[in-house]
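> Can you look at this prediction? I've put the sequence above it.
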Amino acid sequence: MAAPVVDQAAADPAVRSLTLGKALNLGLRAAMEADPKVIVMGEDVGKLGGVFRITDGLQKDFGEHRVLDTPLAESGIIGTAVGLAVRGFRPVCEIQFDGFIFPGFDQIVSQVAKLHNRTLGRVKVPMVIRVPFGGGIGAVEHHSESPESYFAHTAGLKVVSCSNAVDAYWMIQQAIRSDDPVLFFEPKRFYHSGFMKADVDTSATPAPLFTSRVLRRGTTATLVAYGPSVKVALDAATAAEEDGHDLEVIDLRTLSPLDLAPVFESVRRTGRLVVVTEAPSESSLSSEVAARVQQECFYSLEAPVLRVAGFDVPYPPAKLEEHFLPDLDRVLDAVDRSLAW
């Protein structure tokens, strides 16, 4: 007789089935419970719980002195957080939408990224800047962008991106505990989607923050992605099975510093690499991954490194975004071109 199917989430109280958005909410809550110096701040994060409801209930439970509704002024939010971090707090700033981060760009690259170095290490800036990013929600420009390459290029910043509920729960806590400033990019289209729902073991030991992860083993070719593009890569790997292809999928997770050792190891076995990202390809993270793999794995490559990315144009109107974003067909086409080389 077959063994009965056990619902792990129901059997173990430490395991909860969570959406990515709820996992972030509980991760923030856990960080605030563990350290009274953790402060959440941003536009509408308090009474409303944020436009995506990621901070829902936090102000009610922790008070207005720890969950602060701010004016619509990203430069002021980041600047105030710098002062709080210098004074020993661990502020978590929410940027309401990805494109709204640019009014705070000067503060991030001129102050947040450089203060530790400017003071010869005497001053730390332990702050997290949460950024809902990427498309797929039918919104206008400034609401669907992928600006991560700007910040990955900036020395002094750490940049990470979660792609699933398990990572969302643990990575936000790890980022808050870091003494370095962290840009935390969240795939907003999957906040409340069942696609990224997962059983989260809140008693587990998480993987280190600044590491990439092999999500699916394969031998035919390697797919590398991060954030919202991870689901596209996994879907492509599943679809490719029908054609007899066994694709390996790697989630970068950390964008600065890049952890490419698993990618190098994979490419040395498969001989082929396709990088998937929503960001435009020009001068992007996908460019850096391609260059580093070519440098480290030149004699293992059976085909050029290919990239499936957003186009080098401003983000289009909502009716056109499905033509802009990397999708299953574009990824499978890149795999076919790599195998045909």
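That came through fine. Numbers count the residues shown, from 1 in each chain.
> buried ones in stretch 284-291?
284-290 (16 or more other C-beta atoms under 10 Å). Placement of C-beta: from N, CA and C, glycine included.
> quick one: which of these sit in strands?
Within the buried residues of stretch 284-291, no residue falls in strands by DSSP state E.
> In CSV: these, plus distance to Gly135 and pLDDT.
Formatted as CSV, the buried residues of stretch 284-291 follow (distance: C-beta to C-beta, whole Å; pLDDT from 0 to 100):
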residue, distance to Gly135, pLDDT
Ser284, 15, 95
Leu285, 16, 97
Ser286, 16, 97
Ser287, 20, 97
Glu288, 22, 97
Val289, 21, 98
Ala290, 22, 98
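> Inside helices: which ones of the residues you listed?
The members of these that map onto helices under DSSP state H are 285-290.
> of all the residues you listed, which two lie farthest apart?
Of all pairs drawn from these, the greatest distance, 9.6 Å, lies between Leu285 and Ala290 (C-beta to C-beta).
> Which residue, neighbours along the chain excluded, lies closest to Gln174?
Leu209 (4.0 Å; C-beta to C-beta, 6 or more residues apart in numbering).
> Pretty sure Glu282 sits against Gly310.
No: counting by C-beta atoms under 8 Å, Glu282 stays clear of Gly310, with 10.0 Å between them.
> Mutual contacts of the two, please.
When C-beta atoms under 8 Å, 6 or more residues apart in numbering defines a contact, no residue borders Glu282 and Gly310 alike.
> So which of these two has more stuff around it?
Gly310 (24 against 11; other C-beta atoms under 10 Å).
> Which of the buried residues of stretch 284-291 sits closest to Pro132?
For the buried residues of stretch 284-291, the nearest to Pro132 is Leu285 (18.1 Å; C-beta to C-beta).
> which ones are touching the closest one?
148-149, 152, 226, 252, 255, 258, 277, 279.
> Could you rerun that using 6 Å?
149, 152, 255 (C-beta atoms under 6 Å, 6 or more residues apart in numbering).
> Quick one: low-confidence residue ranges for the stretch 1-150 of the chain.
1-11 (pLDDT under 70).
> For it, which segments are assigned as helices?
Shown for the stretch 1-150 of the chain, the helices assigned by DSSP state H, counting those that start in this stretch span residues 8-11, 20-34, 58-62, 74-86, 105-107, 115-118, 148-152.
> Could you dump these into a markdown table with distance to Ala198 and mean neighbour count added?
Below are the helices of the stretch 1-150 of the chain laid out as a markdown table (distance: least, C-beta to C-beta, whole Å; neighbours: other C-beta atoms under 10 Å):
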| stretch | distance to Ala198 | mean neighbour count |
| --- | --- | --- |
| helix 8-11 | 10 | 12 |
| helix 20-34 | 8 | 22 |
| helix 58-62 | 22 | 17 |
| helix 74-86 | 30 | 20 |
| helix 105-107 | 33 | 16 |
| helix 115-118 | 35 | 15 |
| helix 148-152 | 23 | 22 |
